[in-house]
Every structure is written in C-alpha cells, then in structure tokens.
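# Generate a structure from the sequence data that follows.
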Amino acid sequence: MRNRSGIQGVASSPILVGAVTILVVIVAVFLAYNANNGLPFVSTYNLKAKVPNADALVKGNEVRIGGVRVGIVKTVEPTQEADGKVAAELSLSLDKNAEPLPVNSTLTIRPKSALGLKFLQVTPGDSSKGFAAGDTIPLSAYTPEPVDIDEFFDMFDEPTRLAIRQNLAGFGNALAGRGPQLNEAIGALSRFAVHAQPALSTIVAPSNNFAGFWRALEDLSATVAPVAETNAAVFVALDRTFAAFARVSRPYIQETIEKGPPTLDAVNADLPAVRPFFRDSARFFTALKPGAKALGETSPVIAKALHAGVPALNASPALNNQLQPTAQALVDFQNSTGVFNGLDLLIDTNKVLKPALQFIAPAQTQCNYVSLAFQNLALSTGGGNKDGNWLSFISFSPPEGPNSEGGPSSAPANGPTRENHVHFNPYPNTGAPGQPNGCEAGNEKYIPGMTVLGEAPVWGTTTRGIESE
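Residues are numbered from 1 along each chain as shown. Okay, here's the model as predicted:
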C-alpha cells in the first residue's frame, strides 16, 4: 500500500511529469541532430581514404555500398602527396558490418541528385585481405566517372548557347522548303545501300587489307602533323585572298563574268575573218626566217641569205595581191562592235585586278617571296642519285613546357624556360599599300625568354635577290 501510494504520488505531481517529458524530448532531439554523425555508444569501422579531388563532397555526405548507406564522411581535408600533387583526404565512419573492406576495393564520387549533392560509392573487391580500422585507402583506388551531370550542363555557357541558336537557325533555313528533295535523297540512299553491299563486301574482304589502309592513313596523318601549323597558315592566307576577291566581286568581277559570253561570241564571229591574215603572216615569217638568221652571220653568210631570199621575193607579188583583202579584213575587224566590246572588257578587267595586284605584287617586287618559294622548292628536291631525287628538310623539335608548340595548348607558349616562348607574326609587312616599305617575313629576330606576337624586331628590310639588285 505504501509503494502504490508512492507511485501514485509521483504520477500525480505535474512538476515531475513535466521534467521527465522535457528530458525525453531533449534526448530525442540530441539523437536526431547527431543521427548523420552516428549514434552515441555505437561502435563504428573508421577508415581514411584519399581521392584526387573531393568534387563537392562535404562533411555528412553518405557512404554507400551497392546503393545502401553504410556510413558517412566525417571530415574532408586537403593534403599534399610526395610528388607535389594536391589531393583530398576523407575520414570515413562505416558500420561494423562493412568490416573488413577488401584492400582492392575502389572508390567513386557520384551525384546523388541533379542539385549537386554527392555521395561516396564504395565497390568492394574480391581480395581476402582487408583494411584494418584506421588504415588509409590509397589514391590508386579512386576510379572517377567520365562526367557528372552538373559538369555536363556547365559546358553550355553563353557563347555555346548563342552558337547553338545560330546553328539551329542556319540548319532550319537550309532545310526549309526542301522536304521533297530530302525524301528523294532518302529514297536514293536506301537504293544505294542495297547496291553498295557487294562493293563494301569486296572492300572489307581480308585479302584487300582494309585495316592496312587505315594504318597507312594513320601514318600519313602522323607525317603531316609537324606541318599542321604551316597548313593552317596557308588556309589563313587563302582566307585573306578570297576576302580580297569578295570585296571586288560586285560589281567588278560579276560584270566581267556577265560580259564574258558576249565577248566570246564576238571573238568566234571575228576570228574566221582574221584567220587568213594569220595564215599569210605565218607563211611570211616562215619565209623571212632564213634571211633573219643570216643577218647574224658575217658578210659572206649575208650574201647567202640574200640568195636564199630570192624565193621569198618571187612570192611577193602573190603576197601583194593578198594584202588588199587582208587590209580590208583588218578594217572590217576594227570596225566590228565586238572588238570595241572586247577592248572595253579588257579595260574593265584591268581596273578590277588593279587593287588586288597593287596589294599582292609587292610580295614579289619588293620582297622576292614568290621567286624564293619556287627556288627553295626546287632546292628541296634538287639532290639525288641514279635511283632518284632526295627530299631535303630540317626537323625542329619544339621545347617542352606549358603550352608548348609541340601539342595542343590553351595559350601562347610563355615559359618557364627561356626556349619555350612563341614568336609568331601572322601579318608581316611586305611594302603593300598602307604598310611600311620593308619585308618582315623571314627577317624576324628570335628573343630568348620573351613571347612575341605580331610585329617583332627584324634583322633587315630586304630579302635574298632583292638586296643584290
């Protein structure tokens, strides 16, 4: 009776009931708050792991095996390896049922959602030896995924989105109104596929060594790779040339092309009338050739030439009889409308070509570049023996370093060594209109330890051949 009365007394006390309730709530909140960091008084399997990049992994992220949560990431700290590379060290708190983790297990940081939340994926290996508590999973166990979804979307920056819109508009304009033609093309392709099967079977037959063709193509690509920049410079120069033609295409080149057919018609109509004159002139100069040759000899030889000219003089009356109709034909040709049109077209052509020739001609007249190019081409294949000619060339090995010219780069080569500096002048002066009177290409100085883009100090303003003149 006394005990029962004591229990009833405690239950009937509002203060004690409230204190017990508050204590239970505090314990529940504490346990809920620390649930992500592990429950108290529960033993865990603690490991450390190194990854090359934490990749937005933060404290409290989950550790999963086969998609099941087996622990959490307690800390993420940067660390530096013996080779100088920077990595991230993770402190992992795993459930005891994951112990021991095989030593050949692999790690991967994967996205948990499209919002950027990550988790550490552990793929257990098949080794009979496992990591002891407190061991460190080495950096070599990390197997990164190719690309995360957030990295994939990051490539669509503003310039890329603008280019995609422009391409879409261009493709739309190209395909608009061409539905029937596309249908015909698709139908033709289906027939082509049927008829091409025998030819393709022959091509891929083992006896034809189709794989060898691709290996040879690979070797060819490797051969021309050292001159890729030179080829690119050629296309840049061609772009400038075609741009110059584009500026004068209308109305000059367009009018020249339009007037070409009438000019050809006029020439076709007039040449038959002029042909007798040309034929008679050919006979005249053929008969004159012995006398002209004899004039270069001594006096006795000149006498022989005069004697040889007698047949020509005998034939001169017939020539005189033909001169009058020939002269009349020349007058008729002169008065022909097509002749004047042809002369006007020649004048217009000269006016059209004059601006381009004024800009291009100094490359040869001032700098002798065209002659030097053909001379160097001839010299490169001039040597040889009885078996054939040789191809002479010099191979330069670019220096090694960041952004070296020996491979792809994100910026011009600028060190850190004195040799790893790019020197490039895309538009050298040639004395063209609006440019200084000098020849920069081939005369640039190489300045060690300095990156030079554009105009550079030169050794002189002339080239071989021009200087001697």
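# And the helix or strand harbouring Asp270, what does it pack against?
Assigned by DSSP states H and E, Asp270 belongs to helix 254-294. Packing partners of helix 254-294 (3 or more CB pairs under 8 Å, 6 or more residues apart in numbering; DSSP states H and E): helix 299-308, helix 310-314, helix 316-335, helix 337-360. Glycine gets a C-beta too; all of them are placed from N, C-alpha and C.
# Quick check: which of those has the most neighbours on average?
Compared across the helices and strands packed on helix 254-294, helix 337-360 shows the largest average neighbour count, a mean of 14 (mean count of other CB atoms under 10 Å).
# Show me the contact partners of it.
244-245, 248, 252-253, 255-256, 259-260, 262-263, 265-267, 269-270, 333, 432-433 (CB atoms under 8 Å, 6 or more residues apart in numbering).
# Repeat the analysis, applying 6 Å as the threshold.
Ala244, Val248, Tyr252, Thr256, Lys259, Thr263, Ala266, Asp270, Ala432, Pro433 (CB atoms under 6 Å, 6 or more residues apart in numbering).
# how near is the residue nearest to the third one when sequence neighbours are not counted to Ser140?
Spelled out, it's Tyr252. Of all residues not flanking Tyr252 in the chain, Val352 sits nearest, at 3.6 Å (CB to CB, 6 or more residues apart in numbering). Distance, Val352 to Ser140, using CB to CB, to the nearest Å: 69 Å.
# got the angle between the helix holding Asp270 and helix 337-360?
100 degrees (axes from the mean of the first three to the mean of the last three CA atoms, to 10 degrees).
# Return the distance of helix 254-294 from the chain's centre.
50 Å (CA atoms, centre = their mean, to the nearest Å).
# tell me the mean pLDDT for it?
Taken as a whole, helix 254-294 carries a mean pLDDT of 83.
# same question, stretch 217-237
86.
# now the end-to-end length of that stretch.
Distance between the two ends of stretch 217-237: 27 Å, counting by CA to CA, to the nearest Å.
# Pull the distance from it to the chain's centre.
How far stretch 217-237 lies from its chain's middle: 10 Å, per CA atoms, centre = their mean.
# List the buried residues in stretch 226-237.
By neighbour count with 16 or more other CB atoms under 10 Å, stretch 226-237 contains no buried residues.
# Do a quick rundown of the strands in this structure.
For the chain, the strands defined by DSSP state E cover 45-51, 62-65, 68-80, 86-94, 101-102, 106-111, 118-123, 130-131, 136-137, 384-385, 388-389, 423-424, 452-453.
# Any idea which of those gets closest to Val204?
strand 388-389 (34.8 Å; CB to CB).
# number of nearby residues for Val51?
21 (other CB atoms under 10 Å).
# Residues in a beta bridge with it, which ones?
When assigned by DSSP bridges, Val51 has beta-bridge partners Ala88.
# how near is it to Thr75?
According to CB to CB, Val51 and Thr75 sit 13 Å apart.
# Same question for Ser404.
Distance from Ser404 to Thr75, by CB to CB: 39 Å.
# Tell me the pLDDT of Gly38.
Confidence score, pLDDT, at Gly38: 56.
# Low-confidence stretches in the stretch 1-150 of the chain?
Along the stretch 1-150 of the chain, the parts satisfying pLDDT under 70 run over 1-13, 16-17, 20, 27-42, 114-116, 145-150.
# care to break the protein down by domain?
What automatic domain parsing lists as the domains of the chain is 2-33, 45-147, 249-360, 411-469.
# got the phi/psi numbers for the residue nearest to Val73 when sequence neighbours are not counted?
Excluding its sequence neighbours, the residue lying closest to Val73 (CB to CB, 6+ apart) is Asn61, at 4.7 Å. With angles defined as degrees, to the nearest 10, Asn61 sits at phi -70, psi 150.
# Please list all residues in contact with Asn61.
Applying CB under 6 Å, 6+ apart, the residues contacting Asn61 are Val73, Lys118, Phe119.
# quick revisit: do you know which of the helices and strands packed on helix 254-294 lies nearest Leu162?
Closest to Leu162 of those, according to CB to CB: helix 337-360, at 33.9 Å.
# Could I get the CA-only coordinates of that closest one as CSV?
C-alpha atoms of helix 337-360 as CSV (Å, rounded to 0.1, in the frame of the first residue of the first chain):
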residue,chain,number,x,y,z
THR,A,337,31.3,46.1,-132.5
GLY,A,338,32.6,43.0,-130.7
VAL,A,339,36.2,44.4,-130.9
PHE,A,340,35.4,47.5,-129.1
ASN,A,341,33.4,45.5,-126.5
GLY,A,342,36.4,43.2,-126.0
LEU,A,343,38.7,46.2,-125.5
ASP,A,344,36.2,47.7,-123.0
LEU,A,345,36.2,44.4,-121.2
LEU,A,346,40.0,44.3,-121.1
ILE,A,347,40.0,47.8,-119.6
ASP,A,348,37.4,46.9,-117.0
THR,A,349,39.3,43.7,-116.2
ASN,A,350,42.5,45.7,-115.6
LYS,A,351,40.5,48.1,-113.3
VAL,A,352,39.1,45.2,-111.3
LEU,A,353,42.5,43.5,-110.9
LYS,A,354,44.4,46.7,-110.1
PRO,A,355,43.6,46.9,-106.4
ALA,A,356,44.4,43.2,-105.8
LEU,A,357,47.6,43.4,-107.8
GLN,A,358,48.7,46.5,-106.0
PHE,A,359,48.4,44.7,-102.7
ILE,A,360,49.8,41.3,-103.8
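# and Arg250, how many neighbours does it have?
By the measure other CB under 10 Å, the count of residues near Arg250 is 9.
# right, I mislabeled it, should have said Ala49
For Ala49, the neighbour count with other CB under 10 Å is 24.
# doesn't Ile137 make contact with it?
Yes. Ala49 lies in contact with Ile137 (CB atoms under 6 Å); the separation is 3.9 Å.
# Show the buried residues in the contacts of helix 337-360.
Val248, Tyr252, Thr256, Lys259, Thr263, Ala266, Asp270, Ala432.
# show me where pLDDT drops low in the stretch 251-400 of the chain?
In the stretch 251-400 of the chain, residues with pLDDT under 70: 293-302, 305.
# how about a cut-off of 80?
Applying pLDDT under 80 to the stretch 251-400 of the chain flags residues 251-252, 288-310, 312, 315, 319, 333-340, 357-366, 368-369, 378-398, 400.
# residue ranges for the helices of the stretch 101-250 of the chain, please.
149-154, 158-175, 179-203, 210-224, 228-247 (DSSP state H, counting those that start in this stretch).
# Just send these back as a markdown table, with distance to Phe278 too.
Converted to a markdown table, these look like this (distance: least, CB to CB, whole Å):
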| stretch | distance to Phe278 |
| --- | --- |
| helix 149-154 | 74 |
| helix 158-175 | 52 |
| helix 179-203 | 51 |
| helix 210-224 | 49 |
| helix 228-247 | 35 |
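# how about these, which one is nearest Phe374?
Of those, nearest to Phe374 by CB to CB is helix 228-247, at 15.7 Å.
# about what we covered before: please determine how far the residue nearest to Val73 is located from Asp55.
11 Å.
# try Ala266
Distance from Ala266 to Asp55, by CB to CB: 77 Å.
# now Ala318
101 Å.
# And Ala185, by the same measure?
Distance from Ala185 to Asp55, by CB to CB: 47 Å.
# Compare these two (neighbour count), which wins?
Applying other CB under 10 Å to Ala185 and Asp55 shows that Asp55 carries more neighbours, namely 17 against 12.
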